[in-house]
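>>> Everything below, folded, please.
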Amino acid sequence: MDLPILLIIIIVLALIFDYINGFHDAANSIATIVSTKVLTPFQAVLWAAVWNFAAFFLAAYVIGEFKIGNTIAKSVNTDFINLEVIFAGLVAAIAWNLLTWWFGIPSSSSHTLIGGFLGAALMYALVSDYHLIAVTNPDLSIIDKLILAFKQLFTQNVVRYDKVIPIFLFIFLAPVIGSVISILITLFIVYVSKKTSPRKADSVFKKLQLVSSALFSLGHGTNDAQKVMGIIGAAIIFHHTHTLQDPVYLALDSTHQFNYFVEHYYWVPFTSFLMIALGTMSGGWKIVKTMGTRITKVTPLEGVAAETSGAITLFISEHFGIPVSTTHTITGAIIGVGLTKRVSAVRWGITVSLLWAWVLTIPISAIVAGATYLVVIFLK
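Sure thing, here's the model as predicted:
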């Protein structure tokens, strides 16, 4: 089957984003295990990459479906999706990801992607409304046309709120859940091992950290690789339903369209998980420093607690098909272990800066994607 050039470009860009996501988020998986000196940075990224890719087999053959990918693909009403929208969203996501990586800010690659997708779709709807108003009301000024177009935009269901609202809520809930679980695990571990000598406990928890970091990397791969799957899926499903008018796809509802896409484009999930693993192997040393030491000092015991609580949070989100930020999750977990010592153990200045980056990620990505969409249609 011949694919349109723009669709091929989208697939390539999505996989590039997946790779960038891997090295941008590598710190999430390895920060604590590196800061506790259980593994060297090189050993840690290899360890994390193996488990990132192993997540493909967990999702495909144990869980048996890709819920998060489906959520991403269906976060925008299909009436407002086309290839230009998806292209613009990806460009915005890649730009924000590289910018935050360069400055060592552990922002969310997931929310960058979602913000870009939503922003481009909203701009597509706004431009369509403006053109319709310009045709039906040619005597109105440009300002009046824009005002009417914005009013019309708010009457349309561009965004699938049943999919998007849980994503927004988990911007705040994921770090809170990670923090609470981390506190409980830390207190439990301290209670159980209180009669163990510090030296022996340190040795045991360094070994356990290999397990906890593997679990977190498994959750990271399961969660983040599916987001790229969802974007590629949205593009390919659009191609089948609008360009090819494929009767098989047209006869299916949105959920079954995505499942059918996975069955017939199985290379997409496989490649998505592979690319994020390769990206993780590239690492992200600037962000490792922020995550591993600047939020709070972490011991092997606390590393086990943070990574285990992060993994549990990610698996919970996977069960409900809610895309969450692994960055937010592990940050909340690290804050949790810091709070078990004392409130001042957490460096709140760094934490507040991270919070601002999280809050701004979706709107900035949306604005950049909207502007990119305007450039794309102008050049087209």
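>>> I'd like the mean pLDDT over whichever helix or strand D162 is part of, please.
Here D162, judged by DSSP states H and E, is contained in helix 161-192. Mean pLDDT, taken over the full extent of helix 161-192, equals 87.
>>> for that helix, which positions count as buried?
163-164, 166-167, 170-171, 173-175, 177-183, 185-186, 189 (16 or more other C-beta atoms under 10 Å). Using the backbone N, CA and C atoms, a C-beta is placed for each residue, glycine as well.
>>> can you check stretch 259-277 too?
Buried residues in stretch 259-277, counted by 16+ other C-beta under 10 Å: 260-262, 265, 268-277.
>>> Going by distance to W358, which of those residues wins?
Checking those against W358 with C-beta to C-beta, the nearest one is I276 at 20.4 Å.
>>> Quick check: closest non-adjacent residue to the closest one.
In space, and not counting its chain neighbours, I276 is closest to G22: 4.2 Å by C-beta to C-beta, 6 or more residues apart in numbering.
>>> my guess is the one you found contacts L274, does it?
No - using C-beta atoms under 8 Å, G22 makes no contact with L274, being 9.8 Å away.
>>> list the contacts for V376?
By C-beta atoms under 8 Å, 6 or more residues apart in numbering, the contact list for V376 reads 84, 87-88.
>>> I'd like the residues you listed written out as TSV, with pLDDT and distance to Q156 added.
Converted to TSV, those look like this (pLDDT from 0 to 100; distance: C-beta to C-beta, whole Å):
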residue	pLDDT	distance to Q156
E84	94	18
F87	95	21
A88	95	18
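>>> Which helix or strand lies directly C-terminal to the longest helix along the chain?
If you go by DSSP state H, the chain has its longest helix at helix 198-238. Going down the chain from helix 198-238, the next helix or strand is helix 247-250, by DSSP H and E.
>>> Go through that next one and flag the buried ones.
By 16+ other C-beta under 10 Å, the buried positions in helix 247-250 come out as Y249.
>>> How about stretch 14-34?
Buried residues in stretch 14-34, counted by 16+ other C-beta under 10 Å: 14-15, 17-34.
>>> One more: stretch 320-338?
Going by neighbour count (16+ other C-beta under 10 Å), the buried part of stretch 320-338 is 321-338.
>>> Could I get the pLDDT score of the residue of the chain most remote from its centre?
Using C-alpha atoms, centre = their mean, the residue of the chain lying farthest from its centre is D139. It sits 45.0 Å away. For D139, the pLDDT comes out at 87.
>>> ok but it is inside a strand, no?
No - applying DSSP: H, G, I helix; E, B strand; the rest coil, one finds D139 to be coil, outside a strand.
>>> before we move on, the earlier item: quick one, the helix holding D162 and helix 198-238 angle?
Calculated by axes from the mean of the first three to the mean of the last three C-alpha atoms, to 10 degrees, helix 161-192 forms an angle of 170 degrees with helix 198-238.
>>> From the contact counts, what lies against helix 161-192?
helix 109-136, helix 300-320, helix 326-339, helix 348-379 (3 or more C-beta pairs under 8 Å, 6 or more residues apart in numbering; DSSP states H and E).
>>> I'd like those helices as JSON lines, with mean pLDDT and distance to A54 appended.
Formatted as JSON lines, these follow (pLDDT from 0 to 100; distance: least, C-beta to C-beta, whole Å):
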{"stretch": "helix 109-136", "mean pLDDT": "90", "distance to A54": "20"}
{"stretch": "helix 300-320", "mean pLDDT": "88", "distance to A54": "13"}
{"stretch": "helix 326-339", "mean pLDDT": "80", "distance to A54": "16"}
{"stretch": "helix 348-379", "mean pLDDT": "80", "distance to A54": "28"}
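>>> ranking these by burial, who's on top?
Sort the helices and strands packed on helix 161-192 by mean neighbour count, taking mean count of other C-beta atoms under 10 Å, and helix 326-339 sits at the top with a mean of 29.
>>> Okay, angle between it and helix 300-320 too, please.
Here helix 326-339 runs at an angle of 140 degrees relative to helix 300-320 (the same axes, to 10 degrees).
>>> Give me the angle between helix 326-339 and helix 348-379.
Going by the same axes, to 10 degrees, helix 326-339 makes 170 degrees with helix 348-379.
>>> Compute the inter-axis angle for helix 326-339 and helix 109-136.
If you take the same axes, to 10 degrees, helix 326-339 sits at 140 degrees to helix 109-136.
>>> what sits up against stretch 8-20?
3, 83, 86-87, 90-91, 93-94, 97-98, 101, 109, 113, 225, 228, 231-232, 235, 271-272, 275-276, 278-279, 282.
>>> And the helices in the stretch 1-150 of the chain?
Counting by DSSP state H, counting those that start in this stretch, the stretch 1-150 of the chain has helices at residues 5-35, 41-57, 67-73, 83-102, 109-136, 142-153.
>>> give the contact list for the residue lying closest to V164 once chain neighbours are set aside.
The shortest distance from V164 to any non-neighbouring residue, by C-beta to C-beta, 6+ apart, is to S75 (5.4 Å). Residues near S75 by C-beta under 8 Å, 6+ apart: 114, 117-118, 159-160, 163-164, 167, 230.
>>> so which pair among the residues you listed is furthest apart in space?
Maximum pairwise distance among the contacts of S75 (C-beta to C-beta): 15.0 Å, between V159 and G230.
>>> Please identify which of the two sits among more neighbours.
Neighbours were counted for V159 and for G230 using other C-beta atoms under 10 Å; G230 has more, 27 against 18.
>>> okay, the more buried one: pLDDT?
Listed pLDDT for G230 reads 92.
>>> Surely it is in contact with K67?
No - using C-beta under 8 Å as the test, G230 is too far from K67 to be in contact (10.0 Å).
>>> Any figure for the gap between S272 and K74?
S272 sits 17 Å away from K74, going by C-beta to C-beta, to the nearest Å.
>>> Please name the nearest non-neighbouring residue to L122.
Among residues not flanking L122 along the chain, V158 sits closest, at 5.6 Å (C-beta to C-beta, 6+ apart).
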